[in-house]
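A.B. asks: Let's see this in three dimensions:
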Amino acid sequence: MNGSQEQLAAYREAVVKNPASAAVHYELGNALLSAGKSQEAAASFESAVALQPGHADAQYWLAYAYSLLGRLDDAR
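C.D. replies: Numbering: from 1, shown residues only. Below is the predicted model of the structure:
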């Protein structure tokens, strides 16, 4: 397993252990985005924003992930 796969596995495990943590969902989203998994990243950022609506970084990266997916109306 390479470093990014190990990182993704660690964040996924952290989400299982801490499903109510916006920070953990946010970090998983960043790792997924770095791995080119925009759809999964958007879902993680959505979770982070749902758990902590004022999480500005999660909102920003969610909009960015949406733009990569061609969901420009959602990105606004």
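A.B. asks: hey, C-alpha coordinates of the helix or strand that contains Leu62 in CSV?
C.D. replies: Per DSSP states H and E, Leu62 falls inside helix 56-68. C-alpha atoms of helix 56-68 as CSV (Å, rounded to 0.1, in the frame of the first residue of the first chain):
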residue,chain,number,x,y,z
ALA,A,56,-15.7,27.7,6.0
ASP,A,57,-12.9,25.5,4.7
ALA,A,58,-15.2,22.5,4.2
GLN,A,59,-17.6,24.8,2.4
TYR,A,60,-14.9,26.1,0.1
TRP,A,61,-13.5,22.7,-0.8
LEU,A,62,-17.0,21.3,-1.2
ALA,A,63,-17.6,24.0,-3.8
TYR,A,64,-14.3,23.1,-5.5
ALA,A,65,-15.2,19.4,-5.6
TYR,A,66,-18.6,20.3,-7.1
SER,A,67,-16.8,22.4,-9.8
LEU,A,68,-14.6,19.4,-10.7
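A.B. asks: next helix or strand past that helix?
C.D. replies: Using DSSP H and E, the helix or strand that directly follows helix 56-68 along the chain is helix 72-75.
A.B. asks: counting contacts, what elements does that next one pack onto?
C.D. replies: Judged by 3 or more CB pairs under 8 Å, 6 or more residues apart in numbering; DSSP states H and E, helix 72-75 is in contact with helix 56-68. Yep, even glycine has a C-beta here, placed from its N, CA and C like the rest.
A.B. asks: Tell me the buried residues in the helix it packs on?
C.D. replies: For helix 56-68, the neighbour count (16 or more other CB atoms under 10 Å) marks 58, 61-66 as buried.
A.B. asks: Centre of the chain to it, how far?
C.D. replies: 9 Å (CA atoms, centre = their mean, to the nearest Å).
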